[in-house]
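Asks: kindly generate the corresponding structure for this input.
(one chain, ligands or ions: 2)
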Amino acid sequence: MIISMRPHATREEIEHVCERIRDFGYKVHSIEGDTRVVIGVVGTGDVTACLESLEATPGVERAVRISAPYKFVSREFRPQPSAIRLNGLEIGGDEFIVMAGPCSVESEKQIMETAEGVAAAGARVLRGGAFKPRTSPYDFQGLEEAGLKLLRKAKEATGLAIVTEVMSDRDVDLIAEYADCMQVGARNMQNFALLKSLGGCGRPVLLKRGMSSTIKELLMSAEYIVAHGNPNVILCERGIRTFETATRNTCDIAAVPVLNELTHLPVVLDPSHATGKRSLIPALSRAGVAIGADGLIVEVHPCPEKAVSDGAQSLTLQDFHRMMSELKPFVHLWKELRAATRSPEPAAV
Ligand code: PEP
Ligand code: MN
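Replies: Ligands and ions are numbered 1, 2, ... in the order given. Presented below is the predicted three-dimensional model:
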């Protein structure tokens, strides 16, 4: 069950509702938004009696039964799609948002050149890892805070919002100072300590699907962040591991509409990690637009052959420019369809 309190319900009303819920033998998990409190009810008990009682309790606006284990992120909780605000942009709104940039922040020249190039081609968000999750401990691990400073510089020069990865709960406060959006990588999708601390980070979170994670597990991870106080979560399909070896991962393109059925959260597609191969990125990007993703996150490097990570899947600036031009008619259709079918609401409760 989820109980939405009326906007500006009093502390006494909220406490009283929580007490009633506990009287029925349930546990309470509330999140406080700018204008209202939403209470998640977990456990087992007499759902019908509890709902009836709460509907008649002062301060309650709506009490609904939710069968999905991921309550706050489910469509049952919020039938309308959520639009997440990010530095003046909306992800999940009426614009198709492209995030682009290198896998890793490597140098001032590299990040500035990339930022200017992708902004000129129509990207709205600059990606780039300053803290890198690498399979080998001997590989480049990222420039860390120096990389964050370079991202800030690129933002100042171009106006692009910044999305960058956080790998540990210890780094959340530092990265939140620089980032407009905190990326949780595939390898950390179930780093529960990290997810919990992102609940209080004050920034939207881009949550990437783990490489062997089910859609339900992805949604449960999103639920951790929301249940800990942060409703601003963007999901990302980035390919999963299968028996196929022709691509780095297998792009689960159906995950996008599946997620659109199950959750109100926006979904972006990462065609770069999904395929590992530069030549496949434009086709997968078109697929993402066609299937109703809210945006893309794409790796771009001024000189992929010199990239310290993921060069083989990085587009050159010229490739990216061409791809963005070729995507235009598809994005135009996407906008028409979106205008005809949706009226998104801000995610904040
Ligand atoms: C990345 O975005 O560079 C990255 C490491 O992605 P993923 O976590 O999806 O592998
Ligand atoms: Mn990468």
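Asks: only C-alpha atoms, please: export stretch 113-131 in PDB.
Replies: The C-alpha coordinates for stretch 113-131 follow below in PDB (Å, rounded to 0.1, in the frame of the first residue of the first chain):
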ATOM      1  CA  GLU A 113      37.100  19.600 -27.200                       C
ATOM      2  CA  THR A 114      34.600  16.900 -26.600                       C
ATOM      3  CA  ALA A 115      32.200  19.100 -24.700                       C
ATOM      4  CA  GLU A 116      32.300  21.800 -27.400                       C
ATOM      5  CA  GLY A 117      31.900  19.300 -30.200                       C
ATOM      6  CA  VAL A 118      28.900  17.400 -28.600                       C
ATOM      7  CA  ALA A 119      27.200  20.600 -27.600                       C
ATOM      8  CA  ALA A 120      27.400  21.900 -31.100                       C
ATOM      9  CA  ALA A 121      25.900  18.700 -32.400                       C
ATOM     10  CA  GLY A 122      22.900  19.000 -30.100                       C
ATOM     11  CA  ALA A 123      23.800  17.000 -26.900                       C
ATOM     12  CA  ARG A 124      22.400  18.500 -23.700                       C
ATOM     13  CA  VAL A 125      24.400  16.600 -21.100                       C
ATOM     14  CA  LEU A 126      28.200  15.900 -21.000                       C
ATOM     15  CA  ARG A 127      29.100  12.400 -19.700                       C
ATOM     16  CA  GLY A 128      32.600  11.400 -18.500                       C
ATOM     17  CA  GLY A 129      34.000   9.300 -15.700                       C
ATOM     18  CA  ALA A 130      36.300  10.700 -13.200                       C
ATOM     19  CA  PHE A 131      36.000   7.600 -11.000                       C
END
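Asks: which parts of that stretch are buried?
Replies: 113-119, 121-131 (16 or more other Cβ atoms under 10 Å). C-beta: built from backbone N, CA, C; applies to glycine.
Asks: list the contacts of the residue lying closest to Arg338 once chain neighbours are set aside.
Replies: Excluding its sequence neighbours, the residue lying closest to Arg338 (Cβ to Cβ, 6 or more residues apart in numbering) is Asp94, at 5.6 Å. Applying Cβ atoms under 8 Å, 6 or more residues apart in numbering, we find Asp94 in contact with 335, 338-339, 342, 344.
Asks: so which of the residues you listed sit within helices?
Replies: Applying DSSP state H to the contacts of Asp94, the entries found in helices are 335, 338-339.
Asks: looking at those residues, which is nearest ligand 1?
Replies: Lowest distance from ligand 1 to the ones in helices among the contacts of Asp94 (Cβ to the nearest ligand atom) belongs to Arg338, with 25.7 Å.
Asks: do you know the pLDDT at the closest one?
Replies: If you check Arg338, the pLDDT there is 95.
Asks: against Gly147, how distant is it?
Replies: As judged by Cβ to Cβ, to the nearest Å, Arg338 and Gly147 stand 35 Å apart.
Asks: repeat for Pro69
Replies: If you go by Cβ to Cβ, the gap between Pro69 and Gly147 works out to 37 Å.
Asks: please say which of the two ends up with more neighbours.
Replies: Gly147 (22 against 11; other Cβ atoms under 10 Å).
Asks: how about the more buried one, what does it touch?
Replies: Listed by Cβ under 8 Å, 6+ apart, the contact set of Gly147 reads 104-105, 128-131, 164.
Asks: which element is it on?
Replies: helix 145-158 (DSSP states H and E).
Asks: repeat for Val98
Replies: Element membership of Val98, judged by DSSP H and E, is strand 97-101.
Asks: let me see the mean pLDDT of that strand.
Replies: In this model, strand 97-101 has a mean pLDDT of 98.
Asks: and the residue of the stretch 101-250 of the chain closest to ligand 2?
Replies: The minimum distance from the stretch 101-250 of the chain to ligand 2, using Cβ to the ion, falls at Cys103 (3.3 Å).
Asks: the buried residues of stretch 113-131 also near ligand 1: which ones?
Replies: Gly129 (Cβ under 6 Å from any ligand atom).
Asks: for the residue nearest to Arg338, which three-state class applies?
Replies: At Asp94 the chain is in coil, as set by DSSP: H, G, I helix; E, B strand; the rest coil.
Asks: wait, what's in contact with the residue in the stretch 101-250 of the chain positioned nearest to ligand 1?
Replies: Proximity of the stretch 101-250 of the chain to ligand 1 (Cβ to the nearest ligand atom) peaks at Gly185, 2.9 Å away. Gly185 sits next to 133, 165, 167, 208 when contact means Cβ under 8 Å, 6+ apart.
Asks: and the residues you listed, which of them are buried?
Replies: Here, 16+ other Cβ under 10 Å leaves 165, 167, 208 buried among the contacts of Gly185.
Asks: which residues pair with the residue positioned nearest the centre of the chain across the strands?
Replies: Of all residues in the chain, the one closest to the mean position by Cα atoms, centre = their mean is Ile234, 2.0 Å from it. For Ile234, the beta-bridge partners are Leu206 (DSSP bridges).
Asks: hang on, it packs against Leu89?
Replies: No. The pair Ile234 / Leu89 is not scored as a contact, 11.1 Å apart, by Cβ atoms under 8 Å.
Asks: Ser197 reaches Val172, doesn't it?
Replies: Yes. Assessed by Cβ under 8 Å, Ser197 is found in contact with Val172 at 4.9 Å.
Asks: make CSV out of the contacts of Gly147 and add secondary structure and pLDDT.
Replies: As requested, the contacts of Gly147 are exported to CSV (DSSP: H, G, I helix; E, B strand; the rest coil; pLDDT from 0 to 100):
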residue, secondary structure, pLDDT
Ser104, strand, 98
Val105, coil, 98
Gly128, coil, 98
Gly129, strand, 98
Ala130, coil, 98
Phe131, coil, 98
Thr164, strand, 98
